[in-house]
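S.K.: Build me a structure from this.
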Amino acid sequence: MKVHVLCPASSVTGGPEALHQFVDAGQRLGYDMAMVYLPEDDPDPTPAVFKMYRPRVVRDIVDAPDSVVVVPETGTLQLLELRHATRALWWLSVEHFAVRNEAMRQAQKMPAGQRGPLDFVFDPRFGVVHFAQSEYARQFVARQGAEALMLTDYVRDEIVERARALRGGEKQNIVAYNPKKGLEFTQKLMAASPAEIQWVPIENMSPAEVAQLLGRSKVYVDFGPHPGRDRIPREAALCGCVVITNTQGSAGNEVDVPIGPDYKFDERHTLCVPQVLARIGEAMVDHARMAEGFAAYRQWIEDHRQAFLQESYTCLATLEAQIAQRARQRLAA
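M.R.: You can find the predicted model right below:
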């Protein structure tokens, strides 16, 4: 079995890193794995930060009965080009798929309520195998009448080790936040916040600078959409932050963001702003005790590299079994 994983070229966000982790895990397990970067015009498309995964890079997809092509939800249309290979879709972000599907549906002036152009992935005739990076994604796929195997990701060793070193440092009355996510509600918190609390956006920073900020911060807030298991909340927890989120997307369940209900708030509630600020105030005064309550979450994050290897094995073995079954069916036909 040959496995080709499609990845956006020169992208260093969380989704592409997960794709690199899967290729790496498959290679370690002895599978014939290869990364296909799109577009193909870069002679050295593997980002420097991901070279540690040492992916084997090829330019051409092998569309054959003994091949598998894995795409993230941003590459769904690539699956339609296949005629013989097994199609696999890895749900790294539910929202990216939904937004693109709706935009295409409107562009094609399809009637309201009709399934979008990308919904072919749920049609059994296409035989798409689904992987879910989050429980949130798994539940979404289930609601469409399909099943997804869990294939998450992990925080790489470099980040874990750096966070451990920073975790015991001196903390300041800082709340860190990502201005690209949930900024409207975060601004409400900032406007009502006591003057002694400093709010610092995570922007225009290198990975080391992000870690330094999180290492100094007592709290990290994230009121964004949570389209999958986002990395920054995990890194913040590893750096010793008290993590506070909303209940959107993957933050809405205890599988993807297992931090407990006392640290999750529904921003639609009229009392949400004072409730969140009260929790932040507690963390400013009693940070050490509250951060200790995240020890199980931190251990869960650190253990996930081994869990991901097992998930990768399960997914690849399932694909292998499916290819073998189809081969038997062809022989019997």
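S.K.: In this protein, where's the longest helix?
M.R.: Looking across the chain with DSSP state H, the single longest helix is helix 304-332.
S.K.: Show me which positions of that helix end up buried.
M.R.: Using 16 or more other Cβ atoms under 10 Å as the test for burial, helix 304-332 gives 304-305, 308-309, 311-313, 315-316, 319-320, 322-323. (C-beta placed from N, C-alpha, C; glycine too.)
S.K.: Can you add distance to residue 199 and give those residues back as a markdown table?
M.R.: Output for the buried residues of helix 304-332, formatted as a markdown table (distance: Cβ to Cβ, whole Å):
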| residue | distance to residue 199 |
| --- | --- |
| 304 | 29 |
| 305 | 32 |
| 308 | 33 |
| 309 | 38 |
| 311 | 37 |
| 312 | 39 |
| 313 | 43 |
| 315 | 41 |
| 316 | 44 |
| 319 | 46 |
| 320 | 50 |
| 322 | 50 |
| 323 | 52 |
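S.K.: Columns pLDDT on top of these, output as JSON lines?
M.R.: Shown next, in JSON lines, are the buried residues of helix 304-332 (pLDDT from 0 to 100):
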{"residue": "304", "pLDDT": "96"}
{"residue": "305", "pLDDT": "95"}
{"residue": "308", "pLDDT": "98"}
{"residue": "309", "pLDDT": "98"}
{"residue": "311", "pLDDT": "98"}
{"residue": "312", "pLDDT": "98"}
{"residue": "313", "pLDDT": "98"}
{"residue": "315", "pLDDT": "98"}
{"residue": "316", "pLDDT": "98"}
{"residue": "319", "pLDDT": "96"}
{"residue": "320", "pLDDT": "95"}
{"residue": "322", "pLDDT": "92"}
{"residue": "323", "pLDDT": "94"}
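S.K.: Of the residues you listed, just say which sits nearest to residue 51.
M.R.: residue 305 (18.0 Å; Cβ to Cβ).
S.K.: so what's the closest one closest to, chain neighbours aside?
M.R.: residue 154 (4.3 Å; Cβ to Cβ, 6 or more residues apart in numbering).
S.K.: all strands of the protein, in order?
M.R.: 2-8, 32-38, 67-72, 86-91, 129-132, 148-150, 172-177, 198-201, 217-222, 242-245 (DSSP state E).
S.K.: Check which helices and strands the last one is in contact with.
M.R.: Think strand 242-245. In this structure, strand 242-245 packs against strand 217-222, helix 231-238, helix 272-285, helix 287-292, with contacts taken as 3 or more Cβ pairs under 8 Å, 6 or more residues apart in numbering; DSSP states H and E.
S.K.: Look up how far residue 189 lies from residue 116.
M.R.: 35 Å (Cβ to Cβ, to the nearest Å).
S.K.: what does the domain assignment say about the protein?
M.R.: 2-153+304-332, 157-302 (automatic domain parsing).
S.K.: Just give me the lowest mean pLDDT stretch among the ones you listed.
M.R.: For the domains of the chain, the weakest mean pLDDT is recorded on domain 2-153+304-332, namely a mean of 92.
S.K.: measure it end to end?
M.R.: One end of domain 2-153+304-332 to the other measures 23 Å (Cα to Cα, to the nearest Å).
S.K.: Noted, bye for now.
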